[in-house]
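Peer 1: how does the following fold in three dimensions:
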Amino acid sequence: MERLKNITERVGRGNKSEGITTKGIESVTSSVPSSTWLALAGGSVIASLLLKLMGRHSTANFVGEWVPSLLVIGLYNKLVKVMGSERRAFA
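Peer 2: Alright, predicted model coming up:
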């Protein structure tokens, strides 16, 4: 726990305010529930499998590549909701 506190203090010291673009992206993504990103990733997996079964291998690979991006967006969304991008004091 002490190590986590040290990391958050170091991040807090170097933290600068977010730009207008980042604030805009965060306002859009924060309005979407976190479970939506997980559902979209799961839907991409299912769609990719169905496309593979239909013999559309290239399209299946393309859709399957969306999964990690959607999960990362969901993770970022959750972190911004929990920690806040402009938060100065770390608990």
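
Peer 1: what about the residue of the chain positioned farthest from its centre, which SS state?
Peer 2: Farthest-out residue of the chain from its mean C-alpha position, per CA atoms, centre = their mean: residue 55, at 30.6 Å. Here residue 55 is coil, with the state taken from DSSP: H, G, I helix; E, B strand; the rest coil.

Peer 1: list the contacts for it?
Peer 2: Residues counted as contacts of residue 55 (CB atoms under 8 Å, 6 or more residues apart in numbering): none. Using the backbone N, CA and C atoms, a C-beta is placed for each residue, glycine as well.

Peer 1: count of neighbours near the residue lying closest to residue 74 once chain neighbours are set aside?
Peer 2: Using CB to CB, 6 or more residues apart in numbering and skipping residues adjacent in sequence, the residue nearest residue 74 is residue 37, 2.8 Å away. Applying other CB atoms under 10 Å, we find 21 residues neighbouring residue 37.

Peer 1: for the spatially most central residue of the chain, give its distance to residue 22.
Peer 2: Taking CA atoms, centre = their mean as the criterion, residue 73 is the residue nearest the geometric centre of the chain, at 2.0 Å. For residue 73, the distance to residue 22 (CB to CB, to the nearest Å) stands at 14 Å.

Peer 1: the helices in this protein, which residues?
Peer 2: 2-14, 20-30, 34-53, 57-64, 66-83 (DSSP state H).
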